[in-house]
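# Model the following, please.
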Amino acid sequence: EDFLLTREAGASRIKNLFFTERRTSMKIRQPAYFSVWVLSMFVLLAHGDCSPYCLWYSKSADRWVEAFPIGNGRLGAMVFCRTSAERIQLNEDTLWSGRPHDYTNSEARKHLAEVRKLIFAGRYAEAQGIVDRYMMGVPRFLQAYQPLGDLILRFPGHEKVTDYKRKLDLGTAVVSVEYKVGEGRYLREIFASAVDQVLVIRLESKGALLSVEIGFSTPHSHSKVVAEGKSLTLLGQWYGTGKGASLIAGVKGPGISFCAALEARSKGGKIEAGEGVLRISETREITLLLAAATSFRSYRDIGADPVARCKEYLRKAMKKTYSSLKSDHVSAHKRLFGRVELSLDSNPALRKLPTDQRLLGQANGVCDPGLEALYFQFGRYLLISCSRPGCQPANLQGIWNESTAPPWGSKYTVNINTEMNYWPCLLYTSPSP
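Numbers count the residues shown, from 1 in each chain. I've put the predicted structure just below:
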């Protein structure tokens, strides 16, 4: 709540990170929005030259909080940028535990007058006791935001690599990773398109042929993976055991259904469907399109067809070339991200360092205002990626979660946290998206 762009109003808790006693120049071209979660600091700390709005590292992500977040408001992913076994953890913003339920406590109205009387009499503890006993929802706790699963890409022979670099360009919302194996150079690009509602993965090689095995995994036991032709599909349904978790109510039985569907395109080479996997070999260019959806229609209705939704997303996206998909995605992102430019006096040489080294350097007294501007823009990038018109609002973790029982359920704590996600958005622009 103290994340403000004024020296006078900036909170002392983050003064050492953002506005230390030095001369800085700051230019805000137009107001815009941003939101920063704990996730942003972990990613900055994760393990050449880069644009001012670029995070880059010389090693892949070991932990989930070190992966790069991408999202189109509805579909989110955490990209680990690993070489031999890439993990892309997936979320869809309507995938939750439980099922439609009326939380109304039938006893609440009967005790409302008594509670009011006690409050007006200053007998607050007694009023609170009655509220806790008769006026809380049934059950008291809510449900949890759920992970969809993981997309796994296995590259044989890529265990030992050289010249490794991964980066997230905030200005284009594109993740890229490149490295060498022997004389072969390999490049990946991944982005989540809001225009076409798909996750796009591009694989390229130079000096060597490219082979990959593609599979899905999910923490949800009621699921299956089907490979056919050039398609790979994950089908599943949330199913509760009846046991609750911390701040999460227990529900027994089936809930929402979900689907992730992938289509592969290859320039030459071979595409083969195996048991739950696709294998692509002897090629130099691969494009993967991934759609995801659930059976959610509204808080009262989870009877939609997620497979049909995925097919429709893919049908439209498959009509485009990779260049068109990327160009449309970047243009749409820049219309939002490009609303604000923050310029602070900075040493260009520091941008040649990996982002984690810059952050550790600042902790040890290195003056790096450019890192502060990058952190500010990363917050804006996160809100753009997890909150778009027509999608669900940003929850406690935005749109990214790998756990079936996340902290505080990764839900909407509307007494304060939901509002905090959007406060800066309201300060620096109209409430959009």
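# After the host helix or strand of residue 69, heading C-terminal, what element do we hit next?
For residue 69, the element it lies in under DSSP states H and E is strand 68-71. Where DSSP H and E defines the elements, the next helix or strand beyond strand 68-71 is strand 75-79.
# That following strand - contacts with which helices or strands?
Contacts of strand 75-79 with other secondary structure elements, assessed using 3 or more C-beta pairs under 8 Å, 6 or more residues apart in numbering; DSSP states H and E, are made with strand 68-71, strand 85-92, strand 184-193, strand 198-206. C-beta: built from backbone N, CA, C; applies to glycine.
# Tell me which of the ones you listed sits most buried.
Across those, the average number of neighbours (mean count of other C-beta atoms under 10 Å) peaks for strand 68-71, which reaches a mean of 26.
# what is the mean pLDDT for that strand?
Over the span of strand 68-71, the pLDDT mean works out to 98.
# Extract the C-alpha trace of it and format it as PDB.
Extracted C-alpha coordinates of strand 68-71, given in PDB (Å, rounded to 0.1, in the frame of the first residue of the first chain):
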ATOM      1  CA  PHE A  68       8.900 -16.200 -15.400                       C
ATOM      2  CA  PRO A  69       5.200 -15.300 -15.100                       C
ATOM      3  CA  ILE A  70       3.200 -14.700 -18.300                       C
ATOM      4  CA  GLY A  71      -0.500 -14.300 -18.700                       C
END
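# so what secondary structure elements neighbour it?
Using 3+ C-beta pairs under 8 Å, 6+ apart, the elements in contact with strand 68-71 are helix 38-45, strand 75-79, strand 162-169, strand 184-193, helix 369-386.
# Nearest approach to residue 53 belongs to which of these?
Comparison of the helices and strands packed on strand 68-71 against residue 53 by C-beta to C-beta identifies helix 369-386 as nearest, at 5.2 Å.
# Packing partners of the helix or strand just after that closest one?
Remark: after helix 369-386, the chain's next helix or strand is helix 417-428, criterion DSSP H and E. With contacts defined as 3+ C-beta pairs under 8 Å, 6+ apart, the packing partners of helix 417-428 are helix 369-386.
# just checking, what packs against the helix it packs on?
Using 3+ C-beta pairs under 8 Å, 6+ apart, helix 369-386 is in contact with helix 15-18, helix 38-45, strand 54-57, strand 68-71, helix 322-337, helix 355-363, helix 417-428.
# Report the distance from that helix to the chain centre.
Remark: helix 369-386 is offset 14 Å from the chain centroid, using C-alpha atoms, centre = their mean, to the nearest Å.
# Give me the angle between it and strand 85-92.
Counting by axes from the mean of the first three to the mean of the last three C-alpha atoms, to 10 degrees, helix 369-386 lies at 60 degrees to strand 85-92.
# wait, isn't residue 337 in contact with residue 173?
Yes. Counting by C-beta atoms under 8 Å, a contact exists between residue 337 and residue 173, whose distance comes to 7.3 Å.
# before we move on, back to that, ok, residues contacting the strand holding residue 69?
Contacts with strand 68-71, where a contact means C-beta atoms under 8 Å, 6 or more residues apart in numbering, come from 39, 43, 55, 61, 76-79, 81, 91, 166, 168, 173, 175, 190-192, 199, 382, 385-386, 398-400.
# What pairs with that strand, parallel or antiparallel?
If you go by DSSP bridges, strand 68-71 pairs up with strand 75-79 (antiparallel).
# so the strand it pairs with versus strand 162-169, what angle?
Orientation of strand 75-79 against strand 162-169 (the same axes, to 10 degrees) gives an angle of 150 degrees.
# Any chance you could list what contacts strand 75-79?
Identification of contacts with strand 75-79 by C-beta under 8 Å, 6+ apart yields 61, 64, 67-71, 86, 88-93, 151, 175, 190, 192, 197-199, 291-292, 385-386, 398-400, 402.
# residues of it that come out buried?
The neighbour-count criterion (16 or more other C-beta atoms under 10 Å) identifies 75, 76, 77, 78, 79 as the buried residues of strand 75-79.
# before we move on, back to that, which of the helices and strands packed on helix 369-386 is buried the deepest?
Highest mean neighbour count of those: strand 68-71, a mean of 26 (counted as mean count of other C-beta under 10 Å).
# Centre of the chain to it, how far?
The mean C-alpha position of strand 68-71 is separated from the chain mean by 4 Å, C-alpha atoms, centre = their mean.
# what do you get for stretch 106-117?
Remark: stretch 106-117 is offset 42 Å from the chain centroid, using C-alpha atoms, centre = their mean.
# Check which residues of that stretch are buried.
Counting neighbours by 16+ other C-beta under 10 Å, one finds that the buried residues in stretch 106-117 are 108, 111, 115.
# Restricting to C-alpha, output it in CSV.
As requested, C-alpha coordinates have been extracted for stretch 106-117 and formatted as CSV (Å, rounded to 0.1, in the frame of the first residue of the first chain):
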residue,chain,number,x,y,z
SER,A,106,-30.3,-18.9,8.0
GLU,A,107,-29.8,-17.9,11.6
ALA,A,108,-28.1,-14.5,10.7
ARG,A,109,-31.3,-12.4,10.3
LYS,A,110,-32.7,-13.6,13.6
HIS,A,111,-29.8,-12.2,15.6
LEU,A,112,-29.2,-8.9,13.6
ALA,A,113,-31.3,-6.7,15.9
GLU,A,114,-29.6,-8.1,19.0
VAL,A,115,-26.1,-7.5,17.6
ARG,A,116,-27.0,-3.9,16.7
LYS,A,117,-28.3,-3.3,20.2
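# what's the average pLDDT for it?
Confidence over stretch 106-117, taken as the mean pLDDT, stands at 97.
# Can you tell me what sits against it?
By C-beta under 8 Å, 6+ apart, the residues outside stretch 106-117 that reach it are 127, 130, 131, 134, 135.
# neighbour-wise, which of the residues you listed leads?
residue 127 (20 neighbours; other C-beta atoms under 10 Å).
# residue contacts, that residue?
With contacts defined as C-beta under 8 Å, 6+ apart, residue 127 is in contact with 115, 118, 119.
# Of those residues, which is the nearest to residue 302?
Distances from the contacts of residue 127 to residue 302 were compared by C-beta to C-beta; the smallest belongs to residue 115, at 34.5 Å.
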